[in-house]
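Participant: Below are the sequence and a predicted model; questions follow.
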Amino acid sequence: MSSVTEQSKLTAAPSIKIEFRLNGIPQKRDVPVNWTLLRLLRDDLGFLGTKCGCEIGECGACTVLFDRRAVNACLVLAPQIDGAEIWTIEGLAEPGAARLHPIQEAFIKYGAVHCGFCTPGVVMSVLALLLENKNPDEEEIKSALAGNLCRCTGYKQIIDAVKSAAESIGAEDLVKFGVNAGGRK
Amino acid sequence: MINVIQYIRPRNIDEAIERMAADELVPIAGGTDLIPQLRRGRSCRLLDIGRLTLGFIEDIGDWIEVGAATSHAEIARSKLIGKCLPLLGRACGLIGSAQIRNRGTIGGNIANASPCADSVPALLIYDAELKLLSRSGERRIKLAEFISGPYRTNRRPDELIVSILCRKNIPTTGNAFIKLGRRQAVNISRMSIAAIIEMGADRIIGSARLAASSVFPVSSRMPEVERMLYGATATPELFRIAGEVAAETMVAKSGRRWSTPYKEPVLIGLTERALTEAADL
Amino acid sequence: MSDQAENDYSIIGKDVPRVDVIDKVTGRAKYGADYFAPGQLYGATRYTDFPHAIIKKVDIAKAKSLSGVRAILTADDIPGRPLFGAVIAHQPVLCKDRVRFYGDAVAIVAADTQEIAEYAASQIEIDYEPLPVIDDPVAAMADDSYRIHADSNICTHHKVRKGDIEKGFAASDLVIEREYSTQPIEHAYIEPEAVLAEPGENGGITIIGSVQNLYNIRRAVASVLGFPLNRTRIIQATLGGSFGGKDEVMSAICSRAAMLALAVGRPVKMVNSRENSMRESYKRHPYKMKYKVGVTRSGILQAMEITIIADAGAYAAMSPFVTWRSTVQATGPYVVPNVKTDVYAVYTNNCYTSAMRGFGSPQVCFATESLMDELAESLQLDPLEFRLRNILRDGSITATGQKLTHKVSVGQALQAVADHADYVEKYRANINQTSACKIRKGIGISCSYRGVSLGAEGTDAAGVVVSVQTDGTVVVSCGLVDMGQGAATTISMVVAEELGITTDRIRFVNADTTLIPDSGPTVASRTTIMAGNAARDGCRKLLAKMKPVASTLLGCSESELIMRNNSIRSAPDKSSDSKTLGFSELARICFQKGIPLLSHGWYKAPSTTWDEATGQGDAYFTYVYGANLAEVEVDMVTGQVRVVKFVSAHDLGRVINRSGALGQVYGGVAMGLGYGLLENYAERKGKPALENFDEYLLATSCDMPEMEVIFIENPDELGPHGAKTLGEPACELAAPAIANAVANATGRRCRHLPLTLERVLLGVDLNRDEDRESAKSRNASQ
């Protein structure tokens, strides 16, 4: 728990200017240096699809793409995303889009969604996996999902959905996230 | 609530070194260990090393140099690491979750100096040394000397870990890395063991290296075991005895703790298993 | 295995996507923490610093003077009754003079930011006089134990007295006594508790958030505020999992948020961190269970004497009901002529315990199913054969004297899982593994019977509102809620089937206490059967209004109408004189004719009987049956257990939504696997030994075995289309199957959950003597 012990905590932490791209759109923010990316997304930008479950990087409900890699948004300080490209669940299929992203379609088809609280994070982990490896085997899928806790599904239908998504997904479904990008320097 | 008093992101190493000299700053890279600590009450002035181009893996002759800000994921997927430092690649591939491996860095894993850090036993096998930089210049120190205790290091407050160097050509016939956790993934390591064996067709061991975490107060090599293996013929009995020597050494160095009744037989068994796998018996 | 009626259904038994699934995959679904209101303040709770203490003084002056603090409330500020509790109203919303567990709250704060609220909470000064911490329920039962409440520490004592156990033991060739224990379990819904309370119109209060049982919570909040029910409005946000967990703890949190909102006249949001969630939310009861059992040489059970002590923690909550189910089911699904069962729930200063998926069954399933294997081993019978000799059959009499009048399929389920995995052969082969083998294989089975819905616990009725709009789309709402288990979909499917429309025409609206009558709690896996029947009732009432109109328009009798796929026909397709009418057209015409197409379906469960003194009676109106099989590999060097294969067979009456039903089973196995191997909400001297998911270990994707599911469909005359129950049975049987498999592999039995590395390797658990606080603070201070 955040045991706050100093009066200084009441005065807002200093802010810093950052620029980044969120779901492909350039953003400029002035953000307190003690905010996490999770808090920036939820409390400032209103991107509520990214969920808060543990704040210590164990549950994966806040998983987003940070320069094409899955990260826990609770373990990234907002100032650290300066210059970065962030994708959240809201970026997969924009409101009003004619169709959902193939990963989302597969999750629906295979009953991979129960309470849904872990779902956005799981979908982002799957997206990161498929950006790196278009033909993952079962072990690779399980390993990619190990950082996303799900209390409802027992993971089986999620894994089935990932296998199906891997088959149906095309380069056009991945290109906007940057398909062949290597790691960030 | 994260307790960050100040956040500085220098554009280059020189600027970083200057800032480190001027203020008491804690370097942050991936933050996977540090941010939970900041949330739990630790408060810091942070120096973000994210822009210092410290994410690299390079072959520099007898050594492989790994930048301090290289993520576990990059190390695990690096072909160069896989070829020259396979134990390090495997160890980093078993750290936390994919999300943690994408953010967490080798430098951070070392600086946090947790007795159960997964990368350390592998690094120790490869004679890892650290390159530290401060205004007074570069300092090179053996990893084994750098970690001074549980969660303690010999880093001076003005020093920045720049890279980790691992010896490339350690004679190896076979190797093994075993991590034990309570579940099948995303574990705080209960114990991990890294082993290398070099031997001829006659199975006479020319050299052996063994290191463990969560066994001693600080992850370390096991010279007592390595010595007894030297020149011996690799047999199941030998490795069983090696396990017993490892366990005796653990009790001698760490004392008897709550977990000793468990760790004693497990260290015997896993040492035996690691050596057996490395020797391909 | 489904019966011939399957082909008659157009919706039931099919794979239907969850009705809320698009919102959930796109991140648009709104959970409690996703609600914001203009001008909202942030609430924080000041918990006690001691698990058991007298509160001597609470000083809020310093905290109140901080800038940005808008209100600080203590027990003195409670407008209505300070205590809540559905069974025993003795749990304080805020403690006045005494704290009884480490999650008790003393004060609450509303402030401009979360940081200020938390900081101010930490600055409230509380003087305590520590009291002895009673952390062992057995010790707490002693007459001279320190009393946690005014009366005895024994919260509940349930009994079963059947036959004469002494005669039964005398008739036995073998009598064995065993003790088993289980650990406290955290629900670990991935969504921590979150509410937004707003002062409502007309002086009321509106609360939206992560609530499982709206009506219990509304009663608690109204009572705390001194409000009538009709000014206390609770709206359920999309729930991020609950598993029985978002009930009493939400009564407390909703009450606190409401008090703050009314005190400041502004919306107040309270969202728990994971640490606070674990600290204050109730757990599944840890049980200590003693079984003495007698059996003849030929393997026929003669008598069971059972003593169970459940740790209720600091408050009663649902303990009286949870332990009642354990009492009914304590013998397992076996014919036992002589039974003496005593089940106690006992107060301690541990975290309080209440409903969690299984509701008193996972504990006794672990004990009875371990015991059956131990008996079989003693008799040198294989555990399948031994079980089958004693299993409940059609017409059998249960331990509570109930004659089973429906199809009793537990033997069928057991045989199904055993056949599926060659149980008998593998069981024998595994016993003969050499001791040199470092990775040993094991196989284990388990089975259960489970009373459906609430049984003799209390009023068992539920309502569903079905409203046909003028365009033929339908709004359905229900007092039983979807917490992720898929109730919204299941109920929508029942409505779709009845009205002959497709599920895309139906919109399921989350429950709202002002709109739907009290349907009791969404517990006991009662939703499908209770709400399903209520939905059918509602639809029939609608059809009674719609069919006369349709028959007039189509010129046929009502009995000739075929309603299917959004249209109404007068005769089968092929006949030449078939006329059709769209469902939407019919709805429009009904509206024009002034016929209201709104109905309220209601279902009241058949009555049950129970004699408190003897524990005899028809405890539940029907039962479900299931069996599990686990195959494991045990690392004999480390004690690590890997579950490699799992087979579940469940008779659920009828499958409504196949994909949803499969999901319930897979998820139940995962939770049961965690119960068996990983999870333990450990407490030391009344303080939690862990606080987040780094140490409370849930099964990950990598821990899950290959899973197979066998659905047995014996439609029950009382269920909607024969459907009964699945959510809890799916979860209660995994741990004993795994424990039996581990014993099969290692030759050594673990009688205590979870099967940690240490227990499997050494036979005992090890406790860290160094407390975690010092370890973590050392970590943080470097």
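Facilitator: Nice, I can see it. Nothing here was measured: the structure is a model prediction, and the numbers come from that model.
Participant: tell me the phi and psi of C:Thr327?
Facilitator: phi -60, psi -50 (degrees, to the nearest 10).
Participant: and the closest residue to it other than its chain neighbours, what element?
Facilitator: Spatial nearest neighbour of C:Thr327, excluding adjacent residues (C-beta to C-beta, 6 or more residues apart in numbering or on different chains): C:His158 at 4.0 Å. For glycine as for every other residue, the C-beta is placed from the backbone atoms N, C-alpha and C. Assigned by DSSP states H and E, C:His158 falls within strand C:154-162.
Participant: The residue nearest to C:Thr327 contacts C:Phe321, correct?
Facilitator: No - checked against C-beta atoms under 8 Å, the pair C:His158 and C:Phe321 is beyond contact range at 9.9 Å.
Participant: Looking at these two, which is more packed in?
Facilitator: C:Phe321 (27 against 22; other C-beta atoms under 10 Å in any protein chain shown).
Participant: Quickly find the element holding that one.
Facilitator: helix C:319-329.
Participant: for B:Arg227, same thing?
Facilitator: helix B:223-229.
Participant: Give me the distance between C:Leu753 and chain B.
Facilitator: Separation of C:Leu753 from chain B (C-beta to the nearest C-beta, to the nearest Å): 14 Å.
Participant: so how many other residues sit close to C:Asp23?
Facilitator: C:Asp23: 17 neighbours (other C-beta under 10 Å).
Participant: The stretch 151-281 of chain B: helices as residue ranges?
Facilitator: Secondary structure of the stretch 151-281 of chain B (DSSP state H, counting those that start in this stretch): helices at B:223-229, B:236-254, B:260-278.
Participant: nope, the stretch 101-250 of chain C is what I was after
Facilitator: C:114-123, C:137-140, C:165-170, C:214-225, C:248-264.
Participant: would you list those in JSON lines and tack on distance to C:Glu201, mean pLDDT and mean neighbour count?
Facilitator: As requested, the helices of the stretch 101-250 of chain C are exported to JSON lines (distance: least, C-beta to C-beta, whole Å; pLDDT from 0 to 100; neighbours: other C-beta atoms under 10 Å in any protein chain shown):
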{"stretch": "helix C:114-123", "distance to C:Glu201": "26", "mean pLDDT": "96", "mean neighbour count": "24"}
{"stretch": "helix C:137-140", "distance to C:Glu201": "47", "mean pLDDT": "98", "mean neighbour count": "20"}
{"stretch": "helix C:165-170", "distance to C:Glu201": "62", "mean pLDDT": "98", "mean neighbour count": "18"}
{"stretch": "helix C:214-225", "distance to C:Glu201": "15", "mean pLDDT": "95", "mean neighbour count": "25"}
{"stretch": "helix C:248-264", "distance to C:Glu201": "13", "mean pLDDT": "98", "mean neighbour count": "27"}
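Participant: How about stretch A:135-145, which residues are buried there?
Facilitator: Within stretch A:135-145, the residues that qualify as buried are A:Pro136, A:Ile141, A:Lys142, A:Ser143, A:Ala144, A:Leu145, counting by 16 or more other C-beta atoms under 10 Å in any protein chain shown.
Participant: From those residues, list the ones also adjacent to chain C.
Facilitator: Counting by C-beta under 8 Å from any C-beta of the partner chain, A:Ile141, A:Lys142, A:Ser143, A:Leu145 from those sit close to chain C.
Participant: List the residues that contact the most centrally placed residue in chain A.
Facilitator: Nearest to the mean C-alpha position of chain A, by C-alpha atoms, centre = their mean, lies A:Val64 at 1.8 Å. By C-beta atoms under 8 Å, 6 or more residues apart in numbering or on different chains, the contact list for A:Val64 reads A:Leu37, A:Leu41, A:Thr50, A:Ala70, A:Val71, A:Ala73, A:Ile86, A:Trp87, A:Thr88, A:Met124.
Participant: Tabulate those (CSV), appending secondary structure, neighbour count and pLDDT.
Facilitator: Shown next, in CSV, are those (DSSP: H, G, I helix; E, B strand; the rest coil; neighbours: other C-beta atoms under 10 Å in any protein chain shown; pLDDT from 0 to 100):
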residue, secondary structure, neighbour count, pLDDT
A:Leu37, helix, 27, 98
A:Leu41, helix, 25, 98
A:Thr50, coil, 25, 98
A:Ala70, strand, 30, 98
A:Val71, strand, 32, 98
A:Ala73, helix, 30, 98
A:Ile86, strand, 25, 98
A:Trp87, strand, 23, 98
A:Thr88, coil, 24, 98
A:Met124, helix, 29, 98
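Participant: Quick one: low-confidence residue ranges for the chain.
Facilitator: Unless you meant another one, I'm taking chain A. Within chain A, the ranges that satisfy pLDDT under 70 run A:1-11, A:179-185.
Participant: should've been chain C
Facilitator: In chain C (pLDDT under 70), the answer is C:1-7, C:572-577, C:769-782.
Participant: what's the nearest residue to whatever residue of chain A ends up closest to chain B if we skip its chain neighbours?
Facilitator: Closest contact between chain A and chain B, by C-beta to the nearest C-beta, is at A:Gly147 (2.4 Å). Sequence neighbours aside, B:Ser97 is the residue nearest to A:Gly147 in space, at 2.4 Å (criterion: C-beta to C-beta, 6+ apart).
Participant: ok, back up a step: mark which of the buried residues of stretch A:135-145 are part of helices, please.
Facilitator: Using DSSP state H, A:Ile141, A:Lys142, A:Ser143, A:Ala144, A:Leu145 are the members of these that sit in helices.
Participant: give me the element the residue nearest to the fourth one when sequence neighbours are not counted is part of.
Facilitator: Take A:Ala144 and drop its neighbours on the chain: the residue closest to it by C-beta to C-beta, 6+ apart is A:Leu129, 4.0 Å away. Taking DSSP H and E as the criterion, A:Leu129 maps to helix A:119-132.
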